[in-house]
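**Student:** The sequence isn't on hand, but the structure is:
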């Protein structure tokens, strides 16, 4: 199981980031054909609504709390900022449901997808090294929703953000104009080995990063519709240089989780030197927290169930962490950019 970008069948508690409780987010699932994968891709649109419709809890399970949604509800009148949202490696639409629903409750239309070859139950580590296909997933989903008459008249095309967590954070940065640097990332893995968990997983699987096409790895996948970028504990940020960041949106926010031993090395944009390349970026560091604090809110027995199943300890936060507050801070930071 890939450890960096986490990983159980996941659900979460819907949160309003601040202020009075909002109506639950509208939720509409979709399936579209993704020609670059030669198969279907699933996703969802989350939207602000007045609460009218079929109320439901999105996929409750024994480990995580579910989110309150209103299925197939009409979009609230008016223009709303847009967020295309990318989950981590091995996650699903459900793994960031707390963020998608929270932003929709604030007033955004949020488009999320299950990245083929990169979700729980549909995972191929070698295919995941073709990181650019995830940007293609998001661009296709954005195309689809922008062409849908149910949503098209409600989208503020002057405020289109891409956001993501962990490997999805890299996807967000890439879609916002960051170029990859295969040689730099290989040098990182050579230096840190298994101490940087993605490198360790690649090595354990017997994969060779030099087998990945360097031209494709290093190309620009910027989508010109993107106006803002938010990356939460982004992966793959080691080894890039000033030339690689030259095309990145000027409206970029980095959100780091944890400090010291609680910071995940593979996603540490400070130690990697990535943050220093972006002197104009908005940067937030949330402590106490750890990488998995961006996972959904856990039920009281969640940690024990995961331990019994020998799964990753995604319900275990550093002492003093209030995961609900971490989520609320992330929603607040992202919404602040969209509401300017």
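**Tutor:** Great, that's in hand. Remember, predicted model here, so these are calculated numbers, not experimental data.

**Student:** I'd like the average pLDDT over stretch 249-263.
**Tutor:** Per-residue pLDDT over stretch 249-263 has a mean of 97.

**Student:** what about it, how long is it end to end?
**Tutor:** 25 Å (CA to CA, to the nearest Å).

**Student:** Stretch 82-100 now?
**Tutor:** End-to-end distance for stretch 82-100: 11 Å, by CA to CA.

**Student:** now do stretch 92-109
**Tutor:** End to end - CA to CA - stretch 92-109 spans 18 Å.

**Student:** and residue 46, what helix or strand is that in?
**Tutor:** Assessed by DSSP states H and E, residue 46 sits inside strand 39-47.

**Student:** The following helix or strand past that strand to strand 39-47, inter-axis angle?
**Tutor:** Counting by DSSP H and E, the next helix or strand C-terminal to strand 39-47 is strand 54-58. Going by axes from the mean of the first three to the mean of the last three CA atoms, to 10 degrees, strand 54-58 is angled at 120 degrees with respect to strand 39-47.

**Student:** Can you point out the buried residues in strand 54-58?
**Tutor:** Of the residues in strand 54-58, residue 58 count as buried by neighbour count, 16 or more other CB atoms under 10 Å. (Each C-beta comes from the backbone N, C-alpha and C, glycine too.)

**Student:** Remind me what it packs against, helices and strands.
**Tutor:** Packing partners of strand 54-58 (3 or more CB pairs under 8 Å, 6 or more residues apart in numbering; DSSP states H and E): strand 67-71.

**Student:** dump the residue contacts of residue 231.
**Tutor:** Residues in contact with residue 231 (CB atoms under 8 Å, 6 or more residues apart in numbering) are 163, 164, 169, 170, 172, 173, 252, 253, 254, 255, 269.

**Student:** Doesn't it belong to a strand?
**Tutor:** Yes. According to DSSP: H, G, I helix; E, B strand; the rest coil, residue 231 belongs to a strand.

**Student:** which stretches of this structure aren't confidently modelled?
**Tutor:** Low-confidence segments of the chain (pLDDT under 70): 1-21, 59, 340.

**Student:** let's go with 50 and repeat that
**Tutor:** The chain contains residues with pLDDT under 50 at 1-20.

**Student:** Would you mind measuring from the most far-flung residue of it relative to its centre to residue 275?
**Tutor:** Taking CA atoms, centre = their mean, the residue of the chain most remote from its mean C-alpha position is residue 52, at 28.3 Å. Separation of residue 52 from residue 275 (CB to CB, to the nearest Å): 44 Å.

**Student:** Just list whatever residues bridge to the spatially most central residue of the chain.
**Tutor:** The chain has residue 164 as the residue nearest its centroid, 2.5 Å off, counting by CA atoms, centre = their mean. Legend: beta-bridge partners of residue 164 under DSSP bridges are residue 86, residue 231.

**Student:** So it is in contact with residue 178, correct?
**Tutor:** No. Contact criterion CB atoms under 8 Å: residue 164 and residue 178 do not qualify, at 11.9 Å.

**Student:** what is in contact with these two at once?
**Tutor:** Residues touching both residue 164 and residue 178 (CB under 8 Å, 6+ apart) are residue 170.

**Student:** What about residue 187, how many residues nearby?
**Tutor:** 13 (other CB atoms under 10 Å).

**Student:** which outside residues touch whichever strand or helix holds it?
**Tutor:** Using DSSP H and E, residue 187 maps to helix 182-192. When contacts are defined by CB under 8 Å, 6+ apart, helix 182-192 is touched by residues 196, 199, 202-203, 209-210, 212, 214, 217-218, 236, 238-241, 265, 272.

**Student:** Could you name the helices and strands sitting against the helix or strand that that helix is followed by?
**Tutor:** Following helix 182-192 in sequence order, the next helix or strand is helix 197-204 (DSSP H and E). Packing contacts for helix 197-204, counted by 3+ CB pairs under 8 Å, 6+ apart, involve helix 182-192.

**Student:** Taking helix 197-204 as reference, get the angle to the helix it packs on.
**Tutor:** Using the same axes, to 10 degrees: helix 182-192 against helix 197-204 is 90 degrees.
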